[in-house]
Each structure stands twice: as C-alpha cells, then as structure tokens.
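K.L.:
how would this look folded up:
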Amino acid sequence: MSIPKKIQQLRVSINEHNYHYYILDDPKIPDSEYDGLMKELLELEIKSPELITVDSPTQRVGADPLSIFTEVTHTIPMLSLSNAFDEQELHDFAKRLQENLSAAIIEYVAEPKLDGLAVSLRYENGILVTAATRGNGYCGENVTQNVKTINNIPLRLRGKYPEILEVRGEVFMPKAGFIKLNQQQEAKDAKTFANPRNAAAGSLRQLDSNITATRPLTFYSYAIGTVSEINLPDTHSEILQQLQQWGLPIAKQNQVVTGINGCLQYYQQILSQRNALPFEIDGVVYKVNNIEQQEILGFISKAPRWAIAHKFPAQEASTKLLDIEVQVGRTGAITPVAKLAPVNVGGVTVSHATLHNQDEIDRKDIRINDTVIVRRAGDVIPEIVKVLIEKRSSDSQSFILPEQCPACNSDVVRVKEEAVARCTGGLICPAQRQQALQHFVSRQAMDIDGLGKQLIVQLVTNNLINNPADIYSLTHKQLAGLERMGDKSADNVLLAIEKSKTTTFARFLYALGIREVGESTANILANKFTNLDKLNQATEHELQQIMDIGPVAAKNIVNFFQQTNNINVIERLQIAGINWPEIVNILQDEQILAGKTFVLTGTLLQMSRNEAKSSLQKLGAKVSNNISKKTDFLVAGENAGSKLEKARNLAIIILAEAEFIEMLK
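P.N.:
Purely as a prediction, here's the structure:
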C-alpha cells in the first residue's frame, strides 16, 4: 500500500475510534492499540511532511506560541440566558411562554448548566477553521490553536454535513482532571486554581497551545449558530442528536421533558446527582424544544425568550462584617456594600457583598462587626443571607444610610414606593457624572472610540466636561495636554467624536441613560415615536400601552423629559450636530403582509437578504429561517437549496425574485 493511502487509512481509523471513545463512550480497542495507530501515523507523516493536513489527528499540538489573541466577530451573537432562582420565577417564565404561544403545555429540552467557558466552533467543508470565546457576545478571542488540543472536539466532521456550521458549546475541566492538575501544580510549587471554571478559562486562554494541550479540558455542544443551506430538524433535541452524528459531543444528561412539572422533576433529579457528576454545574437550562415556537418567541436584547437557566441553591460560608461602605451609581442610586473578612465561597474568595438598600439592612438586622452568612447568589453575586445573632458581639454597630451623598454632599432622598435612595446631585455629582459619561460613549450607545474610562476620569477631574454635551466642545489642546495623550491620540479622539454625531435615534435614547431604558426598550421607543418631540409629549398611560414597557419604566421616561436640565443637554447635543436618519413609521393599515410568514433562500441579485427582510418586516410580515407548514411564501433567489424542494413538497407559494419585488411594490 502506498504511503498516502496508508496515511489516509490510519486517519479514518483513528477518527472512527475517537468518535466511539469520546462521543459514544464505547471504545472498540484498548488504549495501547490506539497509541500504536497514532505512533504509526506520526512516523509516516514525519517521513512525508508534505502529506500533513490541518485535520490530521496528529495536528492537535505543536503550534508556535501566540503573542496576542486576535478578535473574532460572531456572525450570530452568543447571547446569555435569563435566570430563575426559584419555582415561582420558573412558573412565571412558563406562563409568559404559554400566553405568547397560546399553548397549554410546552415541550422543553432540559440540560445541565455547565460551569465552564462558552465557545463557538466554525467548520467549513467539515474542517474546524476557527474557535472563539463568547467575549461580550458580539466579539470574542480567537482560541483556535488551543481548542484543537481538546481531544473530544473533532478536527473533521463525520457524515453529510453543511458547508458552513457554527457550533456553540462549553469548554470545561472535569473534577478529576482539576484535582490532578492542582496536585501537579503543587508538586512544581506553582500557583493552584481556585475552581474548575477558573482552571478551564486559564487553560483555554494560554498563548502557548502546548501548555493547553497538557490541561484536561473537554467540551460539550449545546446549540448551533450560523449554518449554510441544509434541512435541519424541527426540534432542538433532534438538532443535538444531529450534532452528535456529525461527531460533536453532547451531554448525556440532556432530556426532553413536558411542561414545567417535567422541568422541576429534572431539576430535582440533577440536583440530587450534582456531587456525583464528573463535572461542575451551577444549575440546569430549559429550552423550548420546537424550533418554530422558538422563532415565534424571539429574543430580548441579550437573551432568548425561549430559554432560561434554573440556578441551584448558592453555596454559603460564614465570616465577619468589618464595615459598610456606600457606593453611588450612574443613576444616583446609593448602595450599601459590606466589607467582609475574606472568605472562600464555592472556590472564590469573597471580600465584599451587596446589601441592596436600607430596608434590606433593617429587615435582616445587619450590623457592623456581626458574623454573617455569605452566599454567592446564582454562584456569582455575593450577598449576605443572614446574621448569626448568637455570635453578635458587644461592639456591633447599627448602620443608617447617610443623608448627604459621599461623592458630592448633595441631599440623598428616597422616592415613595422605591426601595433605593438616590443622590439629587445629578450632573454635578462626580460619581454619577463619570459613570453617566462612560455609558454615553460606550459601544452600544454613541460608540466614541478612544474615550475610555481613564480618559473620562481625567476630563471630569480637570473639569473639562460636566455633561455629555461638553464632549462635543473638546479641543485638540485640551486633549493633548492630558496624561498619556499626545497630538495623534488627541486627533483620533476628535475624529471619533465627530464620527459619533451620525447615529440612530435608538442609540441616542440609550446613550441618555434613562433609568429602565436599555437597548431593547430604546429600540421600541424609537420605532414607536420616531422622533424626540413625540416621545417628549408621551404620557405614562401611552407608554404603558407599549409591549415590554411597564409602569416603572414609563414613569422614569416621563420624569426624565420633564427635567429642564435634561432638555437643555439634549438641545446642546443637537446644536453640536448629533443627528440620525428619519424613521418612517408604517401605519397599521399599510402593513398589508401582517400575519404572513416568508422564508428567503438563494442569492438575490437586486437587493441583499437584510434589505429584503427589512422590507418585509415594514409591511408587517414575519421572516423565518426554516420552512414549515405555517410558511406562506418562499422567496427563491439564484442557487436556491434544499428549502426550495421542501417548499414544493409542502405546496408553499414560491416567488422568484422579480415576483417578490413586484409584491413589495
């Protein structure tokens, strides 16, 4: 047999054994025999290096160290999940879904919530080409070299796979591997890791993939991102099985359950197994199984509406409360924070915990010098659960929030029916001013590149800016004279400021920092009112008629636009040149495609997919990615794929591009 044929035969054999060992947990040969196959392949590739390919089983290690991680933009954002911490929150979640879907019972996929690092794997023509961390959900770090060292991640997919496939999942470190790694670190007198999650994150972010290769990392897939034309199953559970058939590992603990009672039974089952599981988990995840129902439910700004994480009870520890400090937030919220004697809670050293507000302090009778129980709520946010009264000492001291703001000495007031006390200093309060300005220039708001936290602090400290409008009056001389700034840096910041003047109405609203108005709400307001004058005149009642805007948000919006100082700042911003394209509000009777579902496939020559989608949505149509019996029209461009055949089989109306454009007219 020729060397190329022998190499190919060995690769096929090794990949098959990897699939049975890592994916099916059903090894077909002993380790010694597997090692022999790998050794033979390695020797042949050394003799014929020109035959080495990127997907060869030998190419999991050996890459040169990186100097820095490059950035990867996710084609589909990697969103986070909403959380439920008790049964009532879970029932509320289910009720919302049932109301939106008009369904009495919903089927879910229940999965263990792995405590690791979320990553996205991109396969092209079956070959792993890029692996990236979640990052901020929109951009992550390129960790391809390191991910290739993880044995249960296939370098090449099996079977009939799509041309492009993005797989989302979790890289984690099993408990046994974590214990062994720390033993090795101790033997070398090196730093040990606090918990498996930290160990996994640190291992995956090594610049030298040879170090990562020595770490016992593993991976489970739980979703897909971008995928090219292929007939995907209609349920999430079947998609997971499809991923496994392509050679990707999934958690064996995944189950399809019916209704919220099924979810709760799964929760109790996994909770009882938690300590016996080979990996750390901090809860379970429920996802609506039916993909069409997922599409109907859609997303909020940073999370899908069709999924939720049900967190396990947090881990707790006792320690001493040394002092209570006060922090002033961006909106003037006065938050008491406990300073604690450092204590290890669930593998993390905790030295501070939120006390929320004065009511919470009074309700729990928390005093300085008390011994308290600390919990990491959701295994993340430290909070004080209760005071150990029996250990209270004679030197314990009660605490009351100050009447003056610690940052600006303005009065602190508490609005009726609100638990939070707030500083009245507004834009004169340094604490609020800095955080409000940082929010205003942030990427999701006005996106002024170069105006980072440190520069904002300098500008405020030197009294060069007091409110967002002052940013647009900054001069080259003022910027260049600041610490670590020169002529070129000053020019770059001024260019970014000028560029930010052209924005969108939604971004501008979000940048103003109105309480309860996040990105999603800002978009809703922009599309509903289309301009500032209309929004300025809106009443609380009108605002509450809008989906997803409740009484608190409505009151905050109205209050914001009633403040003369806020209006003055907005007017100055507009005078400075901030502008946005006019939003054309489609009247209800003009939404002639309301209630119709369209699917786009193939290449459109006269417009992009996004333009077509936007045009349809303006006319009231819903645009879906998958063909189903509920699809009304398929728009077929050039090189239409399998969706065209499926549409024909389901007798769905098929529109050529010319017919589609005529319909839009």
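K.L.:
which residue ranges form the strands in the stretch 301-450 of the chain?
P.N.:
Remark: strands assigned in the stretch 301-450 of the chain by DSSP state E, counting those that start in this stretch are 307-311, 316-328, 333-345, 348-354, 371-377, 381-387, 412-414, 421-423.
K.L.:
which one of those lies closest to residue 597?
P.N.:
Comparing these by their distance to residue 597 (CB to CB), the top pick is strand 307-311, with 22.0 Å. All C-beta atoms are positioned from the backbone trio N, CA, C, and that covers glycine.
K.L.:
quick one: strands adjacent to the closest one?
P.N.:
If you go by DSSP bridges, strand 307-311 pairs up with strand 82-84 (parallel), strand 281-288 (antiparallel).
K.L.:
Between these, which one is closest to residue 70.
P.N.:
When those are compared by CB to CB, strand 281-288 sits nearest residue 70, at 30.0 Å.
K.L.:
If I take the closest one and strand 371-377, what angle do their directions form?
P.N.:
With axes from the mean of the first three to the mean of the last three CA atoms, to 10 degrees defining the directions, strand 281-288 sits at 40 degrees from strand 371-377.
K.L.:
what's next to the next helix or strand after strand 281-288, contact-wise?
P.N.:
Downstream of strand 281-288, the first helix or strand assigned by DSSP states H and E is helix 291-297. If you take CB atoms under 8 Å, 6 or more residues apart in numbering as the criterion, helix 291-297 is touched by 97, 100-101, 103, 106, 232-236, 239, 287-288, 304-306, 624-626, 628, 630.
K.L.:
Could you do stretch 624-644 as well?
P.N.:
229-232, 234, 291-292, 295, 596-605, 612, 646-647, 650, 652-657, 660.
K.L.:
Out of the residues you listed, which end up buried?
P.N.:
With burial judged by 16 or more other CB atoms under 10 Å, the buried subset of those is 229, 232, 291-292, 295, 596-602, 604, 612, 646-647, 652, 654-655, 657, 660.
K.L.:
any chance you could map the helices in the stretch 551-665 of the chain?
P.N.:
With DSSP state H, counting those that start in this stretch, the ranges of helices along the stretch 551-665 of the chain come out as 551-562, 564-575, 609-618, 642-649, 657-664.
K.L.:
Format the ones you listed as TSV; extra columns: mean pLDDT and distance to residue 420.
P.N.:
As requested, the helices of the stretch 551-665 of the chain are exported to TSV (pLDDT from 0 to 100; distance: least, CB to CB, whole Å):
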stretch	mean pLDDT	distance to residue 420
helix 551-562	82	11
helix 564-575	88	20
helix 609-618	76	38
helix 642-649	86	51
helix 657-664	86	49
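K.L.:
Dump those helices into TSV; add distance to residue 490 as well.
P.N.:
Below are the helices of the stretch 551-665 of the chain laid out as TSV (distance: least, CB to CB, whole Å):
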stretch	distance to residue 490
helix 551-562	33
helix 564-575	21
helix 609-618	36
helix 642-649	53
helix 657-664	48
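K.L.:
Nearest approach to residue 375 belongs to which of those helices?
P.N.:
Nearest to residue 375 among the helices of the stretch 551-665 of the chain is helix 551-562 (26.9 Å), distances taken as CB to CB.
K.L.:
by how many degrees do the closest one and helix 564-575 diverge?
P.N.:
Angle of helix 551-562 versus helix 564-575, following the same axes, to 10 degrees, is 70 degrees.
K.L.:
what's the offset of helix 551-562 from the middle of its chain?
P.N.:
With CA atoms, centre = their mean, to the nearest Å as the basis, helix 551-562 stands 28 Å off its chain's centre.
K.L.:
how far does stretch 541-552 stretch from start to finish?
P.N.:
This stretch, stretch 541-552, spans 11 Å end to end (CA to CA, to the nearest Å).
K.L.:
Only the buried residues of it, if you could.
P.N.:
Within stretch 541-552, the residues scored as buried using 16+ other CB under 10 Å are 542, 543, 546, 549.
K.L.:
And the strands of the stretch 301-450 of the chain: which comes nearest residue 363?
P.N.:
It is, among the strands of the stretch 301-450 of the chain and with distance given as CB to CB, strand 381-387, at 10.2 Å.
K.L.:
Just send the strands of the stretch 301-450 of the chain back as JSON lines, with mean pLDDT too.
P.N.:
JSON lines is the format used below for those (pLDDT from 0 to 100):
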{"stretch": "strand 307-311", "mean pLDDT": "93"}
{"stretch": "strand 316-328", "mean pLDDT": "92"}
{"stretch": "strand 333-345", "mean pLDDT": "91"}
{"stretch": "strand 348-354", "mean pLDDT": "88"}
{"stretch": "strand 371-377", "mean pLDDT": "84"}
{"stretch": "strand 381-387", "mean pLDDT": "86"}
{"stretch": "strand 412-414", "mean pLDDT": "82"}
{"stretch": "strand 421-423", "mean pLDDT": "86"}
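K.L.:
and those as JSON lines, adding mean neighbour count and distance to residue 527?
P.N.:
Formatted as JSON lines, the strands of the stretch 301-450 of the chain follow (neighbours: other CB atoms under 10 Å; distance: least, CB to CB, whole Å):
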{"stretch": "strand 307-311", "mean neighbour count": "23", "distance to residue 527": "25"}
{"stretch": "strand 316-328", "mean neighbour count": "17", "distance to residue 527": "33"}
{"stretch": "strand 333-345", "mean neighbour count": "18", "distance to residue 527": "29"}
{"stretch": "strand 348-354", "mean neighbour count": "16", "distance to residue 527": "35"}
{"stretch": "strand 371-377", "mean neighbour count": "20", "distance to residue 527": "35"}
{"stretch": "strand 381-387", "mean neighbour count": "17", "distance to residue 527": "33"}
{"stretch": "strand 412-414", "mean neighbour count": "16", "distance to residue 527": "34"}
{"stretch": "strand 421-423", "mean neighbour count": "23", "distance to residue 527": "30"}
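K.L.:
Could you dump those into JSON lines with distance to residue 457 added?
P.N.:
Listed next are these as JSON lines, based on distance: least, CB to CB, whole Å:
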{"stretch": "strand 307-311", "distance to residue 457": "35"}
{"stretch": "strand 316-328", "distance to residue 457": "15"}
{"stretch": "strand 333-345", "distance to residue 457": "20"}
{"stretch": "strand 348-354", "distance to residue 457": "21"}
{"stretch": "strand 371-377", "distance to residue 457": "30"}
{"stretch": "strand 381-387", "distance to residue 457": "26"}
{"stretch": "strand 412-414", "distance to residue 457": "23"}
{"stretch": "strand 421-423", "distance to residue 457": "18"}
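K.L.:
which one of the strands paired with strand 307-311 is the most hemmed in?
P.N.:
Between the strands paired with strand 307-311, strand 281-288 has the highest mean count of neighbours, a mean of 23, where neighbours are mean count of other CB atoms under 10 Å.
K.L.:
how about it as CSV, C-alpha atoms only?
P.N.:
Backbone C-alpha positions of strand 281-288 (Å, rounded to 0.1, in the frame of the first residue of the first chain) are rendered in CSV as follows:
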residue,chain,number,x,y,z
ILE,A,281,-22.6,22.6,37.2
ASP,A,282,-24.4,25.6,38.7
GLY,A,283,-27.9,24.7,37.6
VAL,A,284,-29.9,23.4,34.6
VAL,A,285,-31.2,25.1,31.4
TYR,A,286,-34.6,24.7,29.9
LYS,A,287,-35.1,25.4,26.1
VAL,A,288,-38.3,25.3,24.2
